[in-house]
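Undergrad: pasting a predicted model and its sequence here:
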Number of protein chains: 2
Amino acid sequence: MGILRINTKEKNYKFEEPSGDLAGLGGRALTSKMILDEVPATSHPLSKFNKLVFAPGLLAGSPAASSGRLSAGAKSPLTGGIKESNSGGLVAQKLARLGIGAIVLEDKPEGDGYSMIVVKKDSVEILSADEYVGKGTYEVMETLWSKYGKNTGLLCIGQAGEQCLKAASIQQADMNGRPGRALGRGGLGAVMGSKKIKAIVIDDSDASRLAMKDKEAFKAANKRWVQMLKEHPVSGEGLPALGTAVLVNVVNEAGGFPTKNFREGRWEHAQDISGEKVAENIEARGGVTTEGCHPGCTIKCSNVYNDKDGKVLTTGFEYETIWAMGAHTLIRDIDDIAMLDRLCDDFGLDTIETGVALGIAMEGGMLEWGDGKGAIELLKKVGTKAYEGKILGSGAKFVGDTLGIDRVPVVKNQSLPAYDPRIVKGVGVTYATTPMGADHTAGYGVTANILGVGGNIDGLKKAGNVELSQGLQIATAALDAAGLCIFVAFAVLDNEDGVQTIVDMLNAQYGLSLTGDDVVALGKSILNNEKEFNKKAGFTKLDDQLPEMFNEELPPQNKTWDFSVDELQKTLDF
Amino acid sequence: MGILRINTKEKNYKFEEPSGDLAGLGGRALTSKMILDEVPATSHPLSKFNKLVFAPGLLAGSPAASSGRLSAGAKSPLTGGIKESNSGGLVAQKLARLGIGAIVLEDKPEGDGYSMIVVKKDSVEILSADEYVGKGTYEVMETLWSKYGKNTGLLCIGQAGEQCLKAASIQQADMNGRPGRALGRGGLGAVMGSKKIKAIVIDDSDASRLAMKDKEAFKAANKRWVQMLKEHPVSGEGLPALGTAVLVNVVNEAGGFPTKNFREGRWEHAQDISGEKVAENIEARGGVTTEGCHPGCTIKCSNVYNDKDGKVLTTGFEYETIWAMGAHTLIRDIDDIAMLDRLCDDFGLDTIETGVALGIAMEGGMLEWGDGKGAIELLKKVGTKAYEGKILGSGAKFVGDTLGIDRVPVVKNQSLPAYDPRIVKGVGVTYATTPMGADHTAGYGVTANILGVGGNIDGLKKAGNVELSQGLQIATAALDAAGLCIFVAFAVLDNEDGVQTIVDMLNAQYGLSLTGDDVVALGKSILNNEKEFNKKAGFTKLDDQLPEMFNEELPPQNKTWDFSVDELQKTLDF
């Protein structure tokens, strides 16, 4: 799997074979190692010294279910630390089939011109993208699909990335060519924007299928894998039926649904924005409740949400987005929330960061609490490149700094997502300690704290939650290297042969003889690389904690955040 | 000297006698010790946990020349570290005569109401200041002078502090009741704003003169002190004649005058903004070239600068301001620069931070380079509380982050001042290592590098400059505790009995038997306290360096910044 290095200043490229430490790595393992080795940790994230690495996971391109994740890595403009962000879509599979283990964007051009990159079986082109500048991702993707055919995977940035805003995402086309998937967190779209790359098109036409060392063994393992995913109540029933928004009522009932900037843990209007409500509207208006983000997905947690006239309003309408734009801001109208989601996708903005930022804008009087129409108007200013838009698109901490607000829910400058850490302490430990900045996907303790998956650990108490987060962070890092979706974790945690089945697929694909221990070791090494980068960037244990606002009691459970800095440090101490 | 603690939420106060570690401290020694001891280092600078401490120096209120400095200390909203900022004016002297060693603003009110504090000989009042909200410091100070009489010292914030902007200053009235002096750096005005204190009035009517343990000894020491200050060519001639702007031509000639955001070290139009030009205009239009900022000053570096119609345009028009608004931004019209200075004073903004931020706004296309009128219009938006104003008033790093600019000259988020660190390496070492964030006053290596004061050390080479900065930082910390103006340093460095004369005055005033070694120990202990706070706030040695833009060669001397992190760490290692 070759590494394709693109010099964005010189507009040339070269292929190289990964060697030494990089050989055999994929996904997050590869991006984090390359960023650690090649980016000076104290450099400015928007400087020529930063790099943006895209890497498919190790199982990408294979028939393995839920193996379509693409990782992107860089020094984050939002956190100032190392970042890996991943999404489903078609790019990872197509890169793998083209034999490309990573695309690395290097250096930085001068002047205003934008480029786009088109990768095909026998060619790499770096073309002018000036005609797409200033346009949203919906329009750009539609144009690229009609131009390059529907057999392509697409990545692009919107106006947020062009402005190098700290909450800028990189959007990835879903199976319908819409920007429904996002490499969302940490502002990687700003890094892409700083390198003046508007879009990347991956066309794997004529590429041969992925070589497989042991076809039969792979087939057998994948069969068990699919069975496991389908039989689990979360990945086999809950997620396909209601998407991730199934969690609204569940987390609200638990009292861990952060409301009005983390002042309450339960919202009286939660049902207005619940997965059930979303499904009801889809039912009534047309749309799709159950859609995969790439071929081979059996979980199909994505959806297509139409407006009252039956026209597509947004896609990939997820729990965390609905929470951030909804309970956090007190916006009750699910259609307003869907419009905010669409605008974020179109401008290329992380929905969690932007939703939390809207709440801080309300905290600071820029908007009234619950004003959905006002939030839409404010968000639209990102598209016009107005200064209010720049502020909002720079994330919650930035909005708080602009308005003089001291009550801002961030770790390492990144917004906390949709699970209150006082009530779901397992994920709270992850927020505090992951090298990524507050991120639920880095170690999703909601499993054992609320869903009863992988055991039961009380999310209201400290006991066991450091260990829970540690195990999950290690496992997740390994999953992110394999390119597997985080939603396989439910089945993996609840099946004794879960990890072994993944190992079997890897061994069959690459002709290896890995064990479960190797997977754990891989996860640890990824985390250690990330911790090392952050240390070299100036982070200390003081950065691994929640802000002081979480010392407040959260009704109705009336719990506080009560871990000490040193207790938290044990999480990634291995 | 009692400590006056004011609870800004409860609107009550108490006096306490300083005890233990605090006894006998003044100025920066007292503010930094209190912040270290009383403010949780990781708390948000705008939260109720931060405190704002005002403390006169140890010699304040005495007849000692140049002893009118008032220190303010807090956790800085700009740097996130500890901050001491000081200015001349009348407040320090009046506090000392009232027997007040510090005023401490604590806690934080809810709601929108502002207060002001009026301290008299036998009373402390906490009054509503709502009538002053939204008003600039010129108007507020004029009103307060007419209301409370001209025997008062005044501190107040402008619209910038009200908005809690990171570049907000606290303005102090000069001897004419104008806001010509500023506790400028580090955003302390935002801390005052967060506590909703608009103004502080200190009236020492009927206060007795300062008790002096040994009047005759004090008189003798002060006589020698005045002689020393008057005989030195810098404090006796250069500064009184042309003010601090005397440096424009000197530093430009040396090639250390940072031009167009630190791209060149010499500006062809420097003479248009020189001290000579300022003096020429004052001569022609009326105004004052030579004015002290408090009674008893013999250096009188301040001035009153009139517009073409002979009306006062600005006061305290200083070298660093003129550089920041001028060569850094390529604005050539000295009257535009004076207007920018006036607006900063009026809104309560640090002129260095704001000038550097204007240059970054130009870097990012918000303004054209050299557009003085455009800069004035943009700056006026701070007064209207528009979003562009909030961005600009939040400092250079914030403007750079908003606009996606990676070439921003800051250390610990604070803008570098007017001496290029590649050419004046002694001050460059100070920028990198002082706990204050980039600050020339913390260890003014310009002395031996350019002015030939206190010896000659080549500013173009590394040798000797770490040692130079170390010695100056220790001495300056001690001067800031004594409440002496930094401009006494020229005479102190060039006279063998310089330090001893200060010690003599302290001993005579307090009946002590300090030695020069005690002064050095005091300076070290202040710096150690500040380093300790910053460490507890999460700073590491990686924060003690210049950004990567200084690896570029600076024409015409073509020098780079070439100190390693570990070389720099030796500066404050004692």
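TA: Happy to help now that I have it.
Undergrad: C-alpha from now on. contacts and neighbour counts both.
TA: Noted.
Undergrad: for chain B, give me its nearest residue in the stretch 101-250 of chain A.
TA: Residue nearest to chain B within the stretch 101-250 of chain A: residue A:164 (5.1 Å; CA to the nearest CA).
Undergrad: for residue A:192, see how far away that residue is.
TA: 8 Å (CA to CA, to the nearest Å).
Undergrad: next: residue A:496.
TA: 41 Å.
Undergrad: export stretch A:49-60 to PDB, keeping only CA atoms.
TA: Extracted in PDB, the C-alpha atoms of stretch A:49-60 (Å, rounded to 0.1, in the frame of the first residue of the first chain):
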ATOM      1  CA  PHE A  49       4.900  22.400   8.700                       C
ATOM      2  CA  ASN A  50       1.600  20.700   9.400                       C
ATOM      3  CA  LYS A  51       0.500  17.700   7.300                       C
ATOM      4  CA  LEU A  52      -2.900  16.300   6.600                       C
ATOM      5  CA  VAL A  53      -2.800  12.500   6.300                       C
ATOM      6  CA  PHE A  54      -5.700  10.400   5.000                       C
ATOM      7  CA  ALA A  55      -5.500   6.700   5.600                       C
ATOM      8  CA  PRO A  56      -7.900   3.900   5.100                       C
ATOM      9  CA  GLY A  57      -8.100   1.300   7.800                       C
ATOM     10  CA  LEU A  58      -6.400  -2.100   7.500                       C
ATOM     11  CA  LEU A  59      -9.600  -3.900   6.500                       C
ATOM     12  CA  ALA A  60     -10.700  -1.200   4.100                       C
END
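Undergrad: who does the helix of greatest length in chain A touch, helix- and strand-wise?
TA: Identified as the longest helix of chain A according to DSSP state H is helix A:516-536. Contact partners of helix A:516-536 among helices and strands, from 3 or more CA pairs under 8 Å, 6 or more residues apart in numbering or on different chains; DSSP states H and E: helix A:27-38, strand A:82-87, helix A:465-482, helix A:498-510.
Undergrad: excluding its backbone neighbours, what's nearest residue A:252?
TA: residue A:266 (5.1 Å; CA to CA, 6 or more residues apart in numbering or on different chains).
Undergrad: swap that for residue A:454, please
TA: In space, and not counting its chain neighbours, residue A:454 is closest to residue A:493: 4.8 Å by CA to CA, 6+ apart.
Undergrad: where's the one you found, which helix or strand?
TA: Per DSSP states H and E, residue A:493 falls inside helix A:489-494.
Undergrad: okay, buried residues for that helix please.
TA: For helix A:489-494, the neighbour count (16 or more other CA atoms under 10 Å in any protein chain shown) marks A:489-493 as buried.
Undergrad: what does stretch A:178-194 give?
TA: Along stretch A:178-194, these residues count as buried under the neighbour rule (16+ other CA under 10 Å): A:178-194.
Undergrad: looking at those, which are in strands?
TA: Of those, the ones assigned to strands by DSSP state E are A:181-183.
Undergrad: dump those to CSV, plus distance to residue B:540 and pLDDT.
TA: Listed next are those as CSV, based on distance: CA to CA, whole Å; pLDDT from 0 to 100:
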residue, distance to residue B:540, pLDDT
A:181, 38, 96
A:182, 34, 97
A:183, 31, 97
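Undergrad: columns distance to chain B on top of those residues, output as JSON lines?
TA: Below are those laid out as JSON lines (distance: CA to the nearest CA, whole Å):
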{"residue": "A:181", "distance to chain B": "24"}
{"residue": "A:182", "distance to chain B": "21"}
{"residue": "A:183", "distance to chain B": "20"}
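Undergrad: report how many residues lie close to residue A:467.
TA: 15 (other CA atoms under 10 Å in any protein chain shown).
Undergrad: what's it in contact with, if anything?
TA: For residue A:467, the contact set (CA atoms under 8 Å, 6 or more residues apart in numbering or on different chains) comprises residue A:571.
Undergrad: any idea how far it is from residue B:472?
TA: 50 Å.
Undergrad: could you do residue A:512 as well?
TA: From residue A:512 to residue B:472 the distance is 63 Å (CA to CA).
Undergrad: between the two, point out the one with more neighbours.
TA: The neighbour comparison of residue A:512 against residue B:472 (other CA under 10 Å) goes to residue B:472, with 24 against 14.
Undergrad: these two touch, right, that one and residue B:444?
TA: Yes. Residue B:472 sits in contact with residue B:444 when judged by CA atoms under 8 Å, with a separation of 6.6 Å.
Undergrad: which neighbours do those two share?
TA: With CA under 8 Å, 6+ apart as the test, residue B:472 and residue B:444 reach no residue in common.
Undergrad: ok, back up a step: so what touches the longest helix of chain A?
TA: In this structure, residues lying in contact with helix A:516-536 by CA under 8 Å, 6+ apart are A:28-29, A:32-33, A:36, A:41-42, A:81-82, A:435, A:473-478, A:499-500, A:503, A:572, A:574, B:542.
Undergrad: what mean pLDDT does it have?
TA: The average pLDDT within helix A:516-536 is 97.
Undergrad: just stretch A:8-16 next, same as before
TA: pLDDT averaged over stretch A:8-16 gives 97.
Undergrad: what's the closest non-adjacent residue to residue A:560?
TA: Closest to residue A:560 by CA to CA, 6+ apart is residue A:553, at 4.8 Å.
Undergrad: and that neighbour, how many neighbours?
TA: 16.
Undergrad: show me what from chain A comes close to chain B.
TA: Contact residues, chain A versus chain B (CA under 8 Å from any CA of the partner chain): A:42-47, A:163-165, A:194, A:387-388, A:390-391, A:394, A:401-406, A:536-543, A:547-548.
Undergrad: buried among these? Make that a ChimeraX selection.
TA: Applying 16+ other CA under 10 Å to the residues of chain A next to chain B, the buried members can be selected in ChimeraX as follows:
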select /A:42,43,44,45,46,47,163,164,165,194,387,388,390,391,394,401,402,403,404,405,406,536,537,538,539,540,542,543,547,548
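Undergrad: looking at the residues of chain A next to chain B, which are in helices?
TA: Secondary structure defined by DSSP H assigns A:194, A:387-388, A:390-391, A:401-403, A:536 of the residues of chain A next to chain B to helices.
Undergrad: name the nearest of those relative to residue B:351.
TA: Each of those was checked against residue B:351 using CA to CA; the closest is residue A:402, at 18.9 Å.
Undergrad: residues contacting the closest one?
TA: Contacts for residue A:402 were tallied using CA under 8 Å, 6+ apart; they are A:391, B:165, B:390-391, B:394.
Undergrad: identify the residues contacting residue A:413.
TA: The neighbours of residue A:413, taking CA under 8 Å, 6+ apart as the test, are A:78-79, A:396-397, A:437.
Undergrad: can I get the residues you listed in a markdown table including secondary structure?
TA: Converted to a markdown table, these look like this (DSSP: H, G, I helix; E, B strand; the rest coil):
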| residue | secondary structure |
| --- | --- |
| A:78 | coil |
| A:79 | coil |
| A:396 | helix |
| A:397 | helix |
| A:437 | coil |
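Undergrad: what is the nearest of these to chain B?
TA: residue A:78 (9.8 Å).
Undergrad: am I right that residue A:247 sits in a helix?
TA: Yes. Applying three-state DSSP, one finds residue A:247 inside a helix.
Undergrad: can you give me the mean pLDDT across stretch A:286-302?
TA: Here stretch A:286-302 scores 90 as its mean pLDDT.
Undergrad: residues of that stretch that come out buried?
TA: Per 16+ other CA under 10 Å, stretch A:286-302 contains these buried residues: A:286-302.
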